[in-house]
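> Just a sequence and a predicted model for now, questions to come.
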Amino acid sequence: MKTIELIVPCYNEEKCIELFYNAVREVFRKLPDFDFIITYVDDGSRDHTLNEIKRVVEIAGQGSVQYIALSRNFGKESAIYAGLSKSTGDYVALIDADLQHPPELLIPMIDAIEKEGYDRATARRVSRKGEPLVRSAFSKAFYSIINHITVLDLISGSTDYCLMKRTVVDSIVSMSERERFTKGIYSWVGFKNKWIEYENVERVAGRTKWSFLGLLRYAYNGFIAFATTPLRGVVYLGILITIASFWYAIKIGIMALKNPLAPRTGYNSIMIVLLFLGGVIITTLGVIGEYLARIYMEVKNRPIYIERETNIKGDKEKEQQALIAGNNTDSEKGL
């Protein structure tokens, strides 16, 4: 039997943990040919999320429910990476705990991979019922802009909810950058994908952790992570300003030749040019500085996440085996 492992990032989701487990269990009763594992990733929750996860582990048994508790809140992208990097299932699904990603979609997702030969199946919302109009408008604008300024091909309404083959998971985990944007990574790694459409679903319990400002920050990180257009735009802007300055100089020269006796102080022209160039320089340095900051964070090579505790078996054994292998290699070099 093939195993489907569900990676569930959680941050302050104590009310959703057991509800999610019960919903998934009902779905897999319709899939007797598959085993399932739920891997909750507690992203430094401040409520009783971890206690609820441990309670569900006791209810379900050690084999079917696992958890990884991070040492603090590293963010959803890091929690996703933690879960994917520790996953062992034949197929791996990324899904939210609040049931806004309907577990029932796993059935057509499995059919897409098993029967139709796709490498992954990704859920796509075809409606935004219940969502504020401003958020919907900004979302549509985001997809339009990022597809124009990057090499990505993101579909409007696409979500992180996805079922993948092992090869796709390994490809995503191999991308170890610190500033992560999962939707962009999905698109960048490629593979044959099928979109599974569904209507927007409200949270089953609790409150959303995504504020409007948080979503804007997430979109901004997506632009910086995959777009080099702003840096190239700085070059084009410099060329444009140079051409404009030459044109302005020629225009002033021609006016001086036509009317050489007209009094001119030049104060206004100088101030306009100085203010314009000053603004351009500051903006340019800001764009370059943003990319340098990302490079600075990457070269530090800090871990994407730090694990506080887990019930996943085999992690310590693997670490010991890696340590033994490293010591053996050092011994061989010494010989």
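Thanks, I have the structure now.
> which element is residue 301 on?
Here residue 301 sits in a region with no helix or strand, counting by DSSP states H and E.
> Strands of the stretch 151-300 of the chain, start to end?
Under the criterion DSSP state E, counting those that start in this stretch, the stretch 151-300 of the chain contains strands at 158-165, 193-198.
> okay, these, which one's buried deepest?
Of all these, strand 158-165 carries the top mean neighbour count, a mean of 22, counting by mean count of other CB atoms under 10 Å. For every residue, glycine as well, the C-beta is placed using N, CA and C.
> how much space is there between residue 81 and residue 106?
For residue 81, the distance to residue 106 (CB to CB, to the nearest Å) stands at 22 Å.
> Residue 311 now?
23 Å.
> ditto for residue 161
Counting by CB to CB, the separation of residue 161 from residue 106 is 9 Å.
> Between these two, which contacts overlap?
Jointly contacting residue 161 and residue 106 under the rule CB atoms under 8 Å, 6 or more residues apart in numbering are residue 93.
> In contact with residue 87, which residues?
Here residue 87 is in contact with 5, 7, 39, 169 (criterion: CB under 8 Å, 6+ apart).
> Return the per-residue confidence for it.
Among the per-residue scores, residue 87 holds a pLDDT of 87.
> Phi and psi next, for it.
Dihedral pair for residue 87: phi -70, psi 150, per degrees, to the nearest 10.
> Turn the strands of the stretch 151-300 of the chain into TSV, columns for mean pLDDT and distance to residue 291.
Converted to TSV, the strands of the stretch 151-300 of the chain look like this (pLDDT from 0 to 100; distance: least, CB to CB, whole Å):
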stretch	mean pLDDT	distance to residue 291
strand 158-165	86	25
strand 193-198	86	29
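> so can I have JSON lines of those showing distance to residue 289?
Formatted as JSON lines, the strands of the stretch 151-300 of the chain follow (distance: least, CB to CB, whole Å):
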{"stretch": "strand 158-165", "distance to residue 289": "30"}
{"stretch": "strand 193-198", "distance to residue 289": "36"}
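> and residue 254, which of those strands is closest to it?
Evaluated with CB to CB, the strands of the stretch 151-300 of the chain place strand 158-165 nearest to residue 254, the distance being 55.1 Å.
> Tell me which residues are up against that closest one.
4, 80, 90-96, 101, 105-106, 109-110, 112-113, 119-125, 172, 182-183, 186, 191, 195.
> does residue 302 really touch residue 178, like I thought?
Yes - contact criterion CB atoms under 8 Å: residue 302 and residue 178 qualify, at 6.8 Å.
> Looking at the two, which one has more neighbours?
residue 178 (16 against 10; other CB atoms under 10 Å).
> measure that one to residue 24 for me?
31 Å.
> and what of residue 193?
Residue 193 sits 23 Å away from residue 24, taking CB to CB as the criterion.
> Kindly report the same for residue 44.
Distance, residue 44 to residue 24, by CB to CB: 23 Å.
> same check, this time on residue 278
For residue 278 relative to residue 24 (CB to CB), the value is 58 Å.
> Any buried residues in stretch 61-75, and which?
Across stretch 61-75, burial judged by 16 or more other CB atoms under 10 Å covers 64-70, 73-75.
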